[in-house]
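1. Got a sequence here, can you build the structure:
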Amino acid sequence: MRLASLLLLLWGLSPATGEGSPPSAADGLPTLLYFHAEWCSWCRRFERETLAHPRVVGRIAGRYRLLRLDADRKGALFRRYGGRGLPFVVLLDPGGRALRTFTGMADADTLLAWLERERRTAGPAPGLPVDPGRFHPLLQALYDPISRRFDGHTLEGITGTKHPQPLTMLHLLHACAPAAEAPLPCPDAVWRSRLPAMLDALRARLEDTLEGGFFYYAARDEGGYVETAKRLGRNARILWLEAEACRLLEGDPDCAATRRTLTWLERSLWNGLAWRAGQHSDEGYFSLPLEQRRQRPPPPIDPIEPPGANAQAVIALLHAARALGDTAPRQRALQVAGRLGALLDRLSHSRPVETAPSDPALPFPEPSLEEEAWIALALWHAGREAGGGRLLDRLDGWLTHLEKEHYDTGRAAFVDPVADGSEPLPHPLANGLLAHLCLQMVEQGRRCPFLTDLPRLFRLARWEPAIQPDDLVFLVEAWQVWGRTPPRENRSPRGE
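-> The predicted structure follows:
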């Protein structure tokens with residue numbers, strides 16, 4: 001039997017659609033949700049070498065339902081289970097409750113051992129509570145002086161990460177750079193000397209020196225493997241970091257990297273209306289010598305225009321314009337911000353956003369909660385850059401709508417709706433973005449409808465195996481700001 005047919009039968013998918021149905025308890029079997037993406041080279045290897053292995057096929061058949069889901073197209077479900085990288089596997093009990101997850105490539109023996117261990121010890125994994133007093137010591141413990149990144153350590157069950165953490169580095173830069181304007185103190189002066197070297201290491205490890213842009217991640221524990229996809233969101237966050245490093249550290253390498261990344265975004269991902277999702281992975285192409293690469297066409301561009309990643313690009317370009325004194329990135333950022341504002345207008349008026357909108361000025365698919373949070377933050381940055389006006393007025397109305405539609409008062413958190421009907425879980429990054437935005441708005445004299453619930457929302461800051469430093473940094477930073485100067489009229493959380 002051909003590999004494709006074997007996998008379709010194993011996954012219980014329709015050959016016509018390749019899409020799995022939502023988890024169901026009807027057959028009484030636990031479910032394995034396997035998330036992949038078209039651009040993920042490790043996913044193709046995982047399917048070829050692990051999921052199609054005869055022992056894995058024999059073990060899964062009749063014991064589990066295995067559903068294959070595209071993480072880009074099932075983004076809300078991917079994030080609902082804590083997905084941050086690919087391949088990503090979630091084990092659900094017959095009732096649809098998440099028991100365990102793992103991320104990354106696993107061979108057949110590792111996957112079989114994981115299934116056997118979970119059969120014996122099924123139950124939710126505990127998390128480690130994190131507050132501002134714990135977050136920075138955890139970062140110190142996770143920092144690896146050899147690779148100059150947060151990598152390679154295990155602390156109280158929390159592992160380091162092969163993914164770059166540009167938002168965490170940005171937080172440290174704003175607090176610890178010599179020219180920083182942040183009101184919060186630097187957690188440890190040692191970061192001042194580490195940050196320039198961390199930025200150098202990030203560029204050396206992940207920047208594409210021929211075509212520009214940054215690769216997805218590098219895994220030292222996998223033989224120095226580099227995941228060669230170049231995704232819009234990751235590049236936008238690194239551009240934001242590099243632009244601020246250019247401004248605050250006044251370093252030529254950071255300013256040059258800012259210019260190169262701007263050029264790559266414009267040349268490779270811009271389609272006239274928005275930025276596309278990124279460039280596909282191709283380990284064979286990117287491992288070629290530069291001269292050979294010049295003779296071959298580069299990997300294809302993913303045509304999707306993800307609204308959350310576009311919002312991150314808006315923020316990054318505004319900071320790049322400020323750092324470089326260049327008006328072109330500012331104009332492009334405000335152009336996309338206007339379209340993102342129109343998207344929120346449609347959402348707040350309960351008009352469904354189609355997967356492929358007919359309005360040519362609104363190219364985006366429907367956003368998840370995390371993407372909506374990024375859009376709100378982008379509109380805040382863009383509105384202030386433009387001197388207030390319609391963007392900030394739209395934001396006020398949208399936050400009220402967001403609280404009404406997505407805020408769970410019992411848990412004091414924003415939650416994503418889930419198509420399969422299971423209980424949604426709040427992700428700390430989305431809630432951290434909104435907490436961060438809320439406090440910025442109040443500082444500028446504007447209203448934030450959920451301000452009084454922030455102390456309860458801060459309890460989402462838990463370091464769990466699927467959580468990375470970048471997922472928590474906005475929550476922790478907002479918690480620090482609240483602890484320094486909580487609004488006097490809002491000291492008592494609503495409902496307590």
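2. okay, CA-based contacts and neighbour counts for the rest of this
-> OK.
3. name the helices or strands packed onto whichever strand or helix holds L472?
-> For L472, the element it lies in under DSSP states H and E is helix 469-484. Helices and strands touching helix 469-484, as assessed by 3 or more CA pairs under 8 Å, 6 or more residues apart in numbering; DSSP states H and E, comprise helix 132-142, helix 166-176, helix 428-443.
4. so where's the stretch 301-450 of the chain uncertain?
-> Counting by pLDDT under 70, the stretch 301-450 of the chain contains low-confidence ranges at 350-362, 417-425.
5. what ranges do the strands span in it?
-> Here the stretch 301-450 of the chain has its strands, by DSSP state E, counting those that start in this stretch, at 301-302, 407-408, 413-414.
6. Kindly report the same for the stretch 101-250 of the chain.
-> According to DSSP E, counting those that start in this stretch, the strands that the stretch 101-250 of the chain contains are 128-129, 143-144, 149-150, 154-155, 158-159, 217-219, 225-227, 230-231.
7. what's the closest non-adjacent residue to P129?
-> Using CA to CA, 6 or more residues apart in numbering and skipping the chain neighbours, the partner closest in space to P129 is R462 (4.3 Å).
8. How many neighbouring residues does that neighbour have?
-> 18 (other CA atoms under 10 Å).
9. for I238, same thing?
-> By the measure other CA under 10 Å, the count of residues near I238 is 28.
10. wouldn't it be in contact with P166 here?
-> Yes. Counting by CA atoms under 8 Å, P166 is a contact partner of I238 at 5.6 Å.
11. Below-threshold pLDDT in the stretch 51-200 of the chain: ranges please.
-> Filtered on pLDDT under 70, the stretch 51-200 of the chain yields the residue ranges 76, 118-127, 152-160, 182.
12. redo that, cut-off 50
-> Counting by pLDDT under 50, the stretch 51-200 of the chain has low-confidence residues at 122-125, 157.
13. Any idea how far the helix of greatest length in the chain is from the middle of the chain?
-> Counting by DSSP state H, the longest helix found in the chain is helix 327-348. Taking CA atoms, centre = their mean, to the nearest Å, one finds the center of helix 327-348 at 20 Å from the center of the full chain.
14. what residues go with each domain of the protein?
-> 3-121, 131-490 (automatic domain parsing).
15. in which helix or strand would I find the residue sitting nearest the centre point of the chain?
-> In the chain, the centroid-proximal residue (CA atoms, centre = their mean) is R84; its distance is 6.3 Å. Using DSSP H and E, R84 sits within no helix or strand.
16. And the nearest residue in space to R237 that is not next to it in sequence, how close does it get to L269?
-> Distances taken as CA to CA, 6+ apart place P166 nearest to R237, at 6.1 Å, with adjacent residues excluded. Distance from P166 to L269, counting by CA to CA, to the nearest Å: 20 Å.
17. now swap in K162 and tell me
-> K162 is 25 Å from L269, by CA to CA.
18. now do D345
-> 25 Å.
19. what do you get for E47?
-> Distance from E47 to L269, by CA to CA: 28 Å.
20. Of the strands of the stretch 301-450 of the chain, give the one that comes closest to H427.
-> The closest of the strands of the stretch 301-450 of the chain to H427 is strand 413-414. By CA to CA, the value is 8.3 Å.
21. Tell me the strands beside that closest one, with direction?
-> According to DSSP bridges, strand 413-414 forms sheet pairs with strand 407-408 (antiparallel).
22. tell me how far the strand it pairs with is from the chain's mean position?
-> Centroid displacement of strand 407-408 relative to its chain, using CA atoms, centre = their mean, is 21 Å.
23. quick check, R100 in a strand?
-> Yes. Assessed with DSSP: H, G, I helix; E, B strand; the rest coil, R100 lies in a strand.
24. Determine the number of other residues adjacent to it.
-> Neighbours around R100, by other CA under 10 Å: 21.
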